[in-house]
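J.: take this sequence and fold it.
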Amino acid sequence: MITERELREKLRKISALFEGATTDGERNAAAAAIVRVKQALAGMLRTEQPIEMQFSLPDQWQRRLFSALCRRYGLEPYRYKRQRYTTVLVRAPKSFIEKTLWPEYLEIKDALNEYLNEATERIIREEVYRDAREAPER
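T.: Next comes the predicted model:
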């Protein structure tokens, strides 16, 4: 069972990995690492045209996570009128999206899903009924 404290530490490590932190001191100075990523993004913007990428994120938690990650790096997520709520668009260099933003999002999403699944399972077993298995197929 992963605790909230362990989850937070795991998220910090994931962020440090994608922000290029190499020492414990750098990992603790997350603000400096984010500045480095923003500077790298600014450099990419000088050499690479930003493109509009569309993402379909099926639930509010994934949309919130993705939007927060975009904003962390100075990108503004948006959607057009009459687009589904599951749609999130962002303008950024394709290489930044493919090498930093999307892989980091996937790592953090997986860590959060693991934590949320364990917490949900525990609460159901403790407060609703101890058998929380999926319904079998017939």
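
J.: for residue 133, see how far away the residue most central in space within the chain is.
T.: Nearest residue to the geometric centre of the chain (Cα atoms, centre = their mean): residue 105, 3.1 Å. Going from residue 105 to residue 133 by Cβ to Cβ, to the nearest Å gives 30 Å. For every residue, glycine as well, the C-beta is placed using N, CA and C.

J.: repeat that for residue 79.
T.: For residue 79, the distance to residue 133 - Cβ to Cβ - is 37 Å.

J.: looking at the two, which is more packed in?
T.: Between residue 79 and residue 133, residue 79 has the larger neighbour count (other Cβ atoms under 10 Å), namely 15 against 5.

J.: tell me who's in contact with that one.
T.: When contacts are counted by Cβ atoms under 8 Å, 6 or more residues apart in numbering, residue 79 touches 85, 87-89.

J.: quick one: contacts for the residue nearest to the centre of the chain?
T.: By Cβ under 8 Å, 6+ apart, the residues touching residue 105 are 65-66, 69.

J.: helix or strand: which one has it?
T.: Following DSSP states H and E, one finds residue 105 within helix 102-127.

J.: where does this structure dip in pLDDT?
T.: Within the chain, the segments meeting pLDDT under 70 span 1-4, 7, 14-35.
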